[in-house]
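S.K.: Build me a model from this:
(one chain, ligands or ions: 1)
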Amino acid sequence: MKRALLTLVCLLGFQTIFFAGNVSDTIYINSGQGLFVNGKQMPCKGFNSTPTYENRNAQLSVGIMDTLVLTIVNNDTILHGFDIRGISGYKDTLQQGDTLEVTFHSSTPRVCIYYDHINYPNNAYMGLAGILAVGANANTYYWNIKDHQSDWNDSIASGGVVDWLDYYPDYFTINGLSNPDINSDTTARVEGNIGDTILIFMANTGQAEHSIHFHGYHCEILYSTSSSMHAGRIKDTFPLKRMEGYLLRLVPHQTGEYPVHDHNLLSITGGGLYPFGMFLTILIQ
Ligand SMILES: [Cu+2]
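M.R.: You can find the predicted model right below:
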């Protein structure tokens, strides 16, 4: 009996260590009217978790060594693409109504950006870019940072041409929301306790540069899409060029409610009004 039990424990242990799990997810490419702070509306697109358009892109997550089986459905009326930034082998296209299945896995924790590479950067700019997190824990948050020049959304949606050298954005969002609404997004607004290990998967999927500043706390970079040299740095400000991201670890040392905002101060406005942009708080108790 003892021997049988030992064998069972060994087998279970073996399974835990060597057999990674599968997770599956489906995302839909949707078109719609995005609702922004101050009641502003503009045409947008998104990779959403249902066939109905919303400003927020699906937040994809997979464990280290696990496999994500991802189904992408083109629910829009035009050709779209799917790719994962910085990783080869994923680039593919979907005609209207098409479905694509991809499998993804990573042996290390990281943040990835999945996006539409067709007509780049226009489709990604219209909203088709989201975060794929590898190695999330129970205290994980997602900050998908975007910017829009509202009249350009109208132009691009109606087939117009824009000159990216003249880009001057006027709306700034995290997960499709601006201050003050962003503080109601439980996947964005960090809430925790002293000593927690909090992970923040942050990506700039807009077309402007941003520089995210933490008041009250420093974070350690666990992974950076732009350079392996960044890992291990402990700082309070994180500059993000377009389509770059960080995986940050925050272990709070003090209680309080502290702001996090973009140090490019234009980005803490919305429609020209302060503080309706990239501005949220961290609450540590
Ligand atoms: Cu600041």
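S.K.: which residues does the residue nearest the centre of the chain contact?
M.R.: Centroid check for the chain by CA atoms, centre = their mean gives Ile131 as the closest residue, at 3.1 Å. Taking CB atoms under 8 Å, 6 or more residues apart in numbering, we find Ile131 in contact with 57, 59-60, 111-114, 142, 144, 201, 203, 205, 245. C-betas here are computed from N, CA, C, even on glycine.
S.K.: Bridge partners for it, pull those for me.
M.R.: Beta-bridge partners for Ile131, by DSSP bridges, are Ile113.
S.K.: Same check on Glu257?
M.R.: Beta-bridge partners for Glu257, by DSSP bridges, are Leu283.
S.K.: Settle this for me: it is touching Tyr217, isn't it.
M.R.: No - with contact defined as CB atoms under 8 Å, Glu257 does not reach Tyr217; the gap is 11.5 Å.
S.K.: per-residue pLDDT, the residue nearest to the centre of the chain?
M.R.: The score at Ile131 is 98. That number is its pLDDT.
S.K.: ok so, going back, same list (the contacts of Ile131) but as a markdown table, adding pLDDT, neighbour count and distance to Ile72.
M.R.: Shown next, in a markdown table, are the contacts of Ile131 (pLDDT from 0 to 100; neighbours: other CB atoms under 10 Å; distance: CB to CB, whole Å):
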| residue | pLDDT | neighbour count | distance to Ile72 |
| --- | --- | --- | --- |
| Asn57 | 98 | 27 | 12 |
| Gln59 | 98 | 20 | 15 |
| Leu60 | 98 | 23 | 11 |
| Val111 | 98 | 26 | 19 |
| Cys112 | 98 | 25 | 15 |
| Ile113 | 98 | 23 | 15 |
| Tyr114 | 98 | 26 | 9 |
| Tyr142 | 98 | 24 | 19 |
| Asn144 | 98 | 26 | 17 |
| Phe201 | 98 | 29 | 20 |
| Ala203 | 98 | 30 | 18 |
| Thr205 | 98 | 26 | 16 |
| Gly245 | 98 | 28 | 20 |
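S.K.: Filter these down to the ones in strands?
M.R.: Among those, DSSP state E puts Leu60, Val111, Cys112, Ile113, Tyr114, Tyr142, Asn144, Phe201, Ala203, Gly245 in strands.
S.K.: residue contacts, the fifth one?
M.R.: Which is Tyr114. Shown in contact with Tyr114 (CB under 8 Å, 6+ apart): Phe47, Leu60, Phe82, Asp83, Ile84, Arg85, Ala129, Gly130, Ile131, Leu132.
S.K.: Please compute how far whichever helix or strand the third one is part of lies from its chain's middle.
M.R.: Right, the one you point to is Phe82. According to DSSP states H and E, Phe82 maps onto strand 80-84. Here strand 80-84 is found 15 Å from its chain centre; the criterion is CA atoms, centre = their mean, to the nearest Å.
S.K.: Can you give the strand pairings for it, parallel or anti for each?
M.R.: strand 92-94 (antiparallel), strand 110-115 (antiparallel).
S.K.: I'd like the average pLDDT over the first one.
M.R.: Right, the one you point to is strand 92-94. Here strand 92-94 scores 98 as its mean pLDDT.
S.K.: buried stuff in the next helix or strand after that strand?
M.R.: Downstream of strand 92-94, the next assigned helix or strand under DSSP H and E is strand 99-105. Using 16 or more other CB atoms under 10 Å as the test for burial, strand 99-105 gives Leu100, Val102, Phe104.
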